[in-house]
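In: here is the input, now give the coordinates:
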Amino acid sequence: MEVVLHYRPWQKDPTVLQKITEEALKEFPVRKLPSFRPWFPSHSCKLPFKPKRRPPVISAEEAEQVKHHLAVPETVCGSLIYDCTAVLLEFNSDIQAGQRIQAEYGKINSSSLGKQSENGSMKLRRSWSVSVPRSDLKDKILPLSRELQSILDNLKLHAFYRARWIIEPSTFNNQTLEDIWVKLNQMIKHNELPSCNATIQRHENQIWVFCDILYCEYVGSNLRKKLNLGGIMNLFVHRHGVIYSL
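Out: I've put the predicted structure just below:
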């Protein structure tokens, strides 16, 4: 407890001030803290805990496969420094592509994208929108069409592989990029697009909507309907390109 004593300038005798403080503190009651009592009954807890089921048993062959998979990253990486953006298209390390994007960025008004730093470099503002899982949409989502399922089988892609719908100028239908982005954010905010996150690519004049392939047809039809899109929307998968159109 901290005590602050205010006194007049001519009352500077420390012994007098100490007595005043002691007398003032005597009026406060001293309460002894009660001993801790657990909220749960101690007699109902019997240690040690034992699981209801036995642990899984794996064969020697499966154990060797696990060891092999654990050893592969060490030989591939070879270094403790790992760049998680190396395989992402939007973080392409190609020099010519980087110079082209920077040149296009230079043409855009800095007031709409970011601020100019002291050394003259542009600080770009990236716009992202992320969805929240929603369970009540499962009943509305139909199974994948035969056409898309055959494409997945040929490419050996899993249904939970990530893909992206590309909303480009040919689909705007007399709308601006920002108008579509505002509507899309409202859809994601209200959890109308399962497993989705989106980013606006102003330098490409495009919007990328990422989703699991399992929900891509539902997401694509919902985007076309709610955003009033026209033309053809393409579904892009990394390392495979455009695999499906809607």
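In: how long is stretch 161-177 end to end?
Out: Taking Cα to Cα, to the nearest Å as the measure, stretch 161-177 stretches 27 Å from start to finish.
In: what's the helix or strand for Trp39?
Out: Assigned by DSSP states H and E, Trp39 belongs to no helix or strand.
In: check contacts around it.
Out: With Cβ atoms under 8 Å, 6 or more residues apart in numbering as the criterion, no residue contacts Trp39. Any C-beta I mention is one placed from the backbone N, CA and C, and that applies to glycine too.
In: now Gly231
Out: Applying Cβ under 8 Å, 6+ apart, the residues near Gly231 are 170-171, 173.
In: just the buried residues of those residues.
Out: Thr171 (16 or more other Cβ atoms under 10 Å).
In: distance to Glu27 and secondary structure added to the contacts of Gly231, as a markdown table?
Out: Shown next, in a markdown table, are the contacts of Gly231 (distance: Cβ to Cβ, whole Å; DSSP: H, G, I helix; E, B strand; the rest coil):
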| residue | distance to Glu27 | secondary structure |
| --- | --- | --- |
| Ser170 | 82 | helix |
| Thr171 | 78 | helix |
| Asn173 | 78 | coil |
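In: out of the contacts of Gly231, who's nearest Leu223?
Out: Nearest to Leu223 out of those is Thr171 (Cβ to Cβ; 9.2 Å).
In: I'd say that closest one and Ile232 touch.
Out: Yes. Thr171 lies in contact with Ile232 (Cβ atoms under 8 Å); the separation is 7.3 Å.
In: just the strands in the protein please.
Out: Applying DSSP state E to the chain gives strands spanning 114-116, 122-124, 128-130, 162-167, 197-201, 206-212, 234-237, 241-245.
In: check contacts around the residue lying closest to Val237 once chain neighbours are set aside.
Out: Nearest residue to Val237, sequence neighbours excluded (Cβ to Cβ, 6 or more residues apart in numbering): Ala163, at 4.7 Å. Neighbour list for Ala163: 210-213, 216, 235-237, 243 [criterion: Cβ under 8 Å, 6+ apart].
In: make it 7 Å
Out: 211, 213, 216, 235-237 (Cβ atoms under 7 Å, 6 or more residues apart in numbering).
In: could you measure from it over to Leu157?
Out: Distance, Ala163 to Leu157, by Cβ to Cβ, to the nearest Å: 9 Å.
In: repeat for Leu235
Out: Counting by Cβ to Cβ, the gap from Leu235 to Leu157 is 11 Å.
In: between those two, which one's more packed in?
Out: Each of Leu235 and Leu157 has its neighbours counted (other Cβ atoms under 10 Å); Leu235 has more, 24 against 15.
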